[in-house]
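S.K.: could you look at this predicted model? Sequence included:
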Amino acid sequence: MSDPKENLRESIVGALQNVYDPEIPVNIHELGLIYDVRITDEGNVEVDMTLTSPACPAAQSLPGDVQREVSKVPGVNEVLVEVVWEPAWNPEMMTEEAKLNLGFM
């Protein structure tokens, strides 16, 4: 029997893969900008994310984009997006595919 929270988590990850940093042709999930996704029994979702740097030009838009995309997922009620700076993002946090696409490998 499948776990409803795990199914919801997979749908949320799929939604996060629709969000791109406007300057980088890789989605924020593969970039390693999503640190944690917590889901309550009521379907409320908390997302901890970071940015490539505090001076990131997309700092104003990306958290709102995450909130909008996750809110579209069936079964999600409220979405809270928290931008965190610890641990600091670095290129090692990217998936292998993202590193390949960006020429890091």
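M.R.: Sure thing, it's come through.
S.K.: any idea how many residues pack against T50?
M.R.: Neighbours of T50 under the rule other CB atoms under 10 Å: 23. Just so you know, the C-beta spots here come from the backbone N, C-alpha and C atoms, and that holds for glycine as well.
S.K.: for it, give me the backbone phi and psi.
M.R.: As for T50, its main-chain torsions (degrees, to the nearest 10) stand at phi -130, psi -180.
S.K.: ok, and the closest non-adjacent residue to it?
M.R.: W89 (4.9 Å; CB to CB, 6 or more residues apart in numbering).
S.K.: and that neighbour, how many neighbours?
M.R.: Neighbours around W89, by other CB under 10 Å: 19.
S.K.: against P54, how distant is it?
M.R.: As judged by CB to CB, to the nearest Å, W89 and P54 stand 10 Å apart.
S.K.: and what of S61?
M.R.: From S61 to P54 the distance is 15 Å (CB to CB).
S.K.: tell me which of those two has more neighbours.
M.R.: Neighbour count, other CB under 10 Å: between S61 and P54, S61 has more, with 13 against 10.
S.K.: please name the nearest non-neighbouring residue to the more buried one.
M.R.: Using CB to CB, 6+ apart, the closest residue to S61 is P22 (7.5 Å).
S.K.: now do L102
M.R.: Using CB to CB, 6+ apart, the nearest residue to L102 is V26, at 6.3 Å.
S.K.: burial check on that neighbour, number of neighbours?
M.R.: Neighbours of V26 (other CB under 10 Å): 20.
S.K.: then the one 3 residues further on?
M.R.: Around H29 sit 22 other residues, with neighbours defined as other CB under 10 Å.
S.K.: do D21 as well
M.R.: Neighbours of D21 (other CB under 10 Å): 19.
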